[in-house]
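**Student:** Return a 3D structure for these sequence lines:
(chains A and B)
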Amino acid sequence: MHYDSPRFRHAGGAGSPGWGGIIGGLDFVRFFAMQEKYLPTEIERAAQERWASNQRFRASDTSDRPRYYCLSMFPYPSGKLHMGHVRNYTIGDVLARYHAMRGYNVMQPMGWDAFGLPAENAAIANGVPPAAWTYSNIDHMRTQLKALGLAIDWSRELATCKPDYYRWEQWLFTRLFEKGVIYKKMATVNWDPVDQTVLANEQVIDGRGWRSGALIEKREIPMYFFRITQYADELLTGLDTLPGWPERVKTMQANWIGKSTGVRLAFKVPQKDPAQPDELLWVFTTRADTLMGVTFVAVAAEHPLATRAAANNPALAAFIAECKQGSVAEADMATMEKKGMDTGLTVIHPLTGEAVPVWVGNYVLMSYGEGAVMAVPAHDERDFGFAKKYRLPIKQVIAVEGEAFSTDAWAEWYGDKQRGVCVNSGKYDGLNYTQAVDAIAADLEALGLGEKKTQFRLRDWGISRQRYWGCPIPIVHCDSCGDVPVPAEQLPVVLPEDVVPDGSGNPLNKRADFVNCACPKCGQPARRETDTMDTFVESSWYYARYACPDANQMLDERANDWLPVDQYIGGIEHAILHLLYARFFHKLMRDEGLVTSDEPFKNLLTQGMVIADTYYREDASGKKTWFNPADVETRDGVPVLKADGQPVIHGGTEKMSKSKNNGVDPQALIDQYGADTARLFTMFAAPPEQSLEWSDAGVEGANRFLRKLWKAVFDHVQGGAVPAYAGGELGEAAKTLRRQLHQTIQKVSDDVERRRQFNTAIAANMELMNALAKLEGADAATRSVRQETLEAVCAMLAPIVPHICEALFAELKPGAALVWPTVDEAALVQDEIELMIQVNGKLRGQLRVPAAADRAAIESLALASEAVQKHTGGNPPKKVVVVPGRLVNIVA
RNA sequence: GCCCAGGUGGCGGAAUCGGUAGACGCAGCGGAUUCAAAAUCCGCCGCCGCAAGGUGUGGGGGUUCGAGUCCCCCCCUGGGCACCA
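**Tutor:** You can find the predicted model right below:
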């Protein structure tokens, strides 16, 4: 190959043309001596070297061209790229390159979400420090990303585990701590009593620790919290300002925030000593209209009333201890068997004055709401089941006309707010939901025992992690001054990188050089906080840092120049947590004067999951070992490990992840077929938003198409240079092909720009190429149409398969810029169109009519047609439906 | 359990606003080329049926001249559920 052939010219001299190379048109000279055979490895290496040496993808901070900030969610450096990454980053690259072809100043950065649990797990398994493991993974994955030929501005690369990144996060933490946006309170965690460590929810399997197998306990520990609930309303209403977000994501976020209006009310707790003031047990309910149907109250195991009752009740104490077993995950809490025990205590109903028994329920959580709930078994399905199980009374207080209530079984209408009317409720009888809630709330308020209240399901964001590999929380604990934030001039609090965790607690606690420090306030010896931050904190602001990665402050004015992100692309699994935290953080930064916009991401594309089969084996202790699908084969319908031929268990089809070891490495695909084939196949397999069950069947077809494209251009170029069709008489075949070409440009533009559906854009180009292959003739006019078509196909596919398209385009039109093709409206005009004929909605024939034919003409032509005569027996139609351009339906 | 998606040939998928179901590709089958194979090219390809035709978009019901698309109920798969990221 002649990479330095005489035809090769460097664009724009020694400067840094950036994406401007495309606009300037200087970059697209032949950089590759064309051969008949398609040689992806050579072409891709040559193209990538050119892009790197020209700094083609450098985004300009000063250009006056319109900007387009295209961001894909940064990866966790788990070791190798998997197909989910390839899909995500190719989608982003297609949009970035498309906009560059449209003349935008594009920024597409990349970085590393580098803190996190897998690095500690790897350390435990292999004895390698998380830092070294992470940096080596980053190096490998960067190489893999570069091999994909992504149009990334690598000068903006960042890694969240580097002090020059996380120092600003610590700086903001101290500001927010002083402002009261961050505060400390107790929170419940999974405690492994054997390993003496806090476990993540994913490390608790069936209520046991993943390594020790020990029964997990719930433990209360102090934690720092972001007051996200203070922004709940804005996070909710802000969704309405995001038309570029998928509806499903906005729905999920709105449901997660869960704004509800209800009534907060109190039951009096009787005092032994009447001189004591009344103690109140508060609950929140959205169904105050059913207050007269309350037959018991349930409190959390940690509730003070429960603790008090258990003091002289060993059975209750034992039950409370049982409730404290198991994980804190909501999915576990919601699916476990509902259990309870009577405390023997009663409280006083605020309106009736009746005594209501207090139960401890394992499904009530202390940290959510008031830690207590009122139970109305007749009108809440969960309470109904609980009451049946423990033979508690069920009192109907809502009736629906025409429906009969029975305590034997639950019926949907028992919980119906719309149709229900109060009964057995004294003065409230006959009131509907709204009227009853209003009346009861007013009465409670008059008694000082309640008021209407808006409540959110959203809880404050606890960010303390009892782990080593994370951003240190910049707090110093001083015996005399309390929790003291580290002053700005002492930041960053640097995490030592030579640590190897062993799975028992946070190793930072054993590092005297880290822990021991002087109190920034009084100078006395003090202890540094050893908890680190939730890694969601780093991923909540990285998008802003890309705009000014070298700033000697958290963000500078360049952040506002680039933000909000024009297009964010990432997995649908991030629909709630990451995207909600990032939106929240953006508002925190706004309120600190760091950014001016209200929302970080203008448009969002949520990529569907790439899923693959999971396989595992279980040892005697129940510990699972996961095997990669690449190492498993099926023999006689049974999955077995290739290495030993012994069976493995199929664990379902799930998103590719490190923990389930079902990530498929794209490297083999790239090595065998090249990056363009990998990119084309990934985009062709399914539309971006749809989940994709991985299979590489069909990769051959993608590669075959690129070889055909290469051959078509090669054959055409052999015939000598010819300008693209610019006007003049054409034969019927060439004219038809030109019409298809411009229909394709129209369709593909819409697919990429509006629909973001690249599989159909590719299919349309394949169809066009199939049609082109059938176009015969070597006359100048036909060749000019062929030239026009090949130029357009290379341009339309360039965002998807950039290496081959640039190489081919440089052969077709040396020195010219790759720009997006435009539709020639004149080429679209048709004289005749084909209509379908239906009789009673069934397809019975076709009809060719002049494009200008009116309804009456179409109707009479259709009625006269053989198909209609045959199926109606010549009888006059009852009705004729004419859909212009589509069909005629005769109703006989 | 709760919230959000999805279910179309042997397979991945298309059908954009209620109007030709199965584009495009894979696999398969038949043919050409070849000493042979690979590659390439041409043709066929939902199911039942010799055909005419019938039937068909997870299942059941409904609206409509007409439903993969809209409405109701059910089943299955995937994502999320606050310490995987």
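
**Student:** So for the closest residue to RNA strand B within the stretch 501-650 of chain A, what's the pLDDT?
**Tutor:** Residue of the stretch 501-650 of chain A nearest RNA strand B, by CB to the nearest atom of the strand: residue A:573 (3.7 Å). (Each C-beta comes from the backbone N, C-alpha and C, glycine too.) Residue A:573 carries a pLDDT value of 95.

**Student:** ok so it is a helix residue?
**Tutor:** Yes - under DSSP: H, G, I helix; E, B strand; the rest coil, residue A:573 falls within a helix.

**Student:** ok, it - contacts?
**Tutor:** The contact partners of residue A:573, by CB atoms under 8 Å, 6 or more residues apart in numbering, come to A:609, A:655.

**Student:** What separation do you get for it and residue A:583?
**Tutor:** Residue A:573 sits 17 Å away from residue A:583, going by CB to CB, to the nearest Å.

**Student:** Can you pull the residues of the stretch 601-750 of chain A lying near RNA strand B?
**Tutor:** Counting by CB under 7 Å from any atom of the strand, the residues of the stretch 601-750 of chain A close to RNA strand B are A:609, A:611, A:652-655, A:657-659, A:684-687, A:690-693, A:695, A:697-698, A:700-702, A:704-705, A:707-708, A:747, A:750.

**Student:** Would you list the buried entries among those?
**Tutor:** A:609, A:611, A:655, A:657-658, A:684-687, A:692, A:702, A:705, A:747 (16 or more other CB atoms under 10 Å).

**Student:** so of these, which ones are in strands?
**Tutor:** A:611, A:655, A:692 (DSSP state E).

**Student:** Show the backbone phi and psi for the closest residue to the second one other than its chain neighbours.
**Tutor:** Spelled out, that is residue A:655. Using CB to CB, 6 or more residues apart in numbering and skipping residues adjacent in sequence, the residue nearest residue A:655 is residue A:609, 4.3 Å away. Note on residue A:609: its backbone torsions stand at phi -60, psi 140 [degrees, to the nearest 10].

**Student:** Then residue A:627?
**Tutor:** Dihedral angles for residue A:627 - degrees, to the nearest 10 - are phi -110, psi 140.

**Student:** Quick check, pLDDT for the closest residue to it other than its chain neighbours.
**Tutor:** Leaving aside its chain neighbours, residue A:627 sits nearest to residue A:615 (4.6 Å; criterion: CB to CB, 6+ apart). Residue-level confidence at residue A:615 comes out at 90, pLDDT.

**Student:** do you know how far residue A:554 is from residue A:652?
**Tutor:** Distance, residue A:554 to residue A:652, using CB to CB: 43 Å.

**Student:** for residue A:244, same thing?
**Tutor:** Taking CB to CB, one finds residue A:244 at 34 Å from residue A:652.

**Student:** burial count for the residue of the stretch 101-250 of chain A found nearest RNA strand B?
**Tutor:** Distances between the stretch 101-250 of chain A and RNA strand B by CB to the nearest atom of the strand are smallest at residue A:116, namely 2.9 Å. Applying other CB atoms under 10 Å, we find 24 residues neighbouring residue A:116.

**Student:** now swap in residue A:626 and tell me
**Tutor:** 16.

**Student:** One more: residue A:373?
**Tutor:** There are 23 residues near residue A:373, going by other CB under 10 Å.

**Student:** is the helix or strand hosting it anywhere near RNA strand B?
**Tutor:** Per DSSP states H and E: residue A:373 is located in strand A:372-375. No - Strand A:372-375 lies out of reach of RNA strand B by CB under 7 Å from any atom of the strand, never closer than 14.5 Å.

**Student:** Can you give me the buried ones in the next helix or strand after that strand?
**Tutor:** Once the chain leaves strand A:372-375, the next helix or strand it forms, by DSSP H and E, is helix A:381-389. Applying a neighbour-count criterion of 16+ other CB under 10 Å, one finds A:382, A:383, A:384, A:386, A:387 buried in helix A:381-389.

**Student:** What distance do you get for the closest residue to the first one other than its chain neighbours to residue A:594?
**Tutor:** Counting by CB to CB, 6+ apart, residue A:382 lies nearest to residue A:338, which is 6.9 Å off, once chain neighbours are set aside. Remark: distance between residue A:338 and residue A:594 (CB to CB) = 47 Å.

**Student:** neighbour count winner among those two?
**Tutor:** Between residue A:338 and residue A:594, residue A:594 has the larger neighbour count (other CB under 10 Å), namely 20 against 17.

**Student:** Give me the secondary structure label for that one.
**Tutor:** Quick answer, by three-state DSSP: residue A:594 is coil.

**Student:** Is the residue of the stretch 101-250 of chain A closest to RNA strand B in contact with residue A:123, as I believe?
**Tutor:** No - the pair residue A:116 / residue A:123 is not scored as a contact, 11.9 Å apart, by CB atoms under 8 Å.

**Student:** list the residues that contact both of the two?
**Tutor:** residue A:469.

**Student:** Any stretches of the stretch 251-400 of chain A with poor pLDDT?
**Tutor:** Nowhere does the stretch 251-400 of chain A drop to pLDDT under 70.

**Student:** As a check, name the ranges of all strands in it.
**Tutor:** Residue ranges of the strands in the stretch 251-400 of chain A, as given by DSSP state E, counting those that start in this stretch, are A:259-269, A:279-285, A:296-299, A:340-348, A:355-361, A:372-375, A:398-399.

**Student:** So residue A:767 versus RNA strand B, what's the distance?
**Tutor:** 4 Å (CB to the nearest atom of the strand, to the nearest Å).

**Student:** What strand or helix carries that residue?
**Tutor:** Assigned by DSSP H and E, residue A:767 falls in helix A:758-774.

**Student:** residues in contact with that helix?
**Tutor:** Here helix A:758-774 has contacts from A:91, A:94, A:680, A:683-688, A:705, A:708-709, A:712, A:737, A:740-741, A:744, A:747-748, A:751-752, A:786, A:789-790, A:793, A:796-797, A:800, using CB under 8 Å, 6+ apart.

**Student:** what angle separates the helix or strand that it is followed by from helix A:758-774?
**Tutor:** Moving toward the C-terminus from helix A:758-774, the next helix or strand (DSSP H and E) is helix A:780-797. Interaxial angle, helix A:780-797 versus helix A:758-774 (axes from the mean of the first three to the mean of the last three CA atoms, to 10 degrees): 160 degrees.

**Student:** Spatially nearest residue to residue A:212, not counting backbone neighbours?
**Tutor:** residue A:194 (3.7 Å).

**Student:** pLDDT score for the one you found?
**Tutor:** pLDDT, residue A:194: 94.

**Student:** before we move on, what about residue A:18?
**Tutor:** 52.

**Student:** what does the stretch 51-200 of chain A have sitting close to RNA strand B?
**Tutor:** Contact residues, the stretch 51-200 of chain A versus RNA strand B (CB under 7 Å from any atom of the strand): A:76, A:113, A:115, A:116, A:117, A:118, A:187, A:189, A:190, A:198, A:199, A:200.

**Student:** Sort out which of those are buried, if you could.
**Tutor:** A:76, A:113, A:115, A:116, A:117, A:118, A:187, A:189, A:190, A:198, A:199.

**Student:** on that earlier part again, show me which of the buried residues of helix A:381-389 is closest to RNA strand B.
**Tutor:** For the buried residues of helix A:381-389, the nearest to RNA strand B is residue A:382 (7.5 Å; CB to the nearest atom of the strand).

**Student:** in the stretch 701-850 of chain A, what residue is nearest RNA strand B?
**Tutor:** Counting by CB to the nearest atom of the strand, the stretch 701-850 of chain A gets nearest RNA strand B through residue A:701, at 2.5 Å.

**Student:** which residues sit in contact with that residue?
**Tutor:** Residue A:701 touches residue A:681, counting by CB under 8 Å, 6+ apart.

**Student:** Look at it and report its pLDDT.
**Tutor:** So residue A:701 comes in at 94 (pLDDT).

**Student:** do the same with the one 4 residues further on
**Tutor:** At residue A:705, the model reports a pLDDT of 97.

**Student:** Would you quantify the distance from the closest residue to it other than its chain neighbours to residue A:828?
**Tutor:** Of all residues not flanking residue A:705 in the chain, residue A:766 sits nearest, at 6.0 Å (CB to CB, 6+ apart). Counting by CB to CB, the gap from residue A:766 to residue A:828 is 20 Å.
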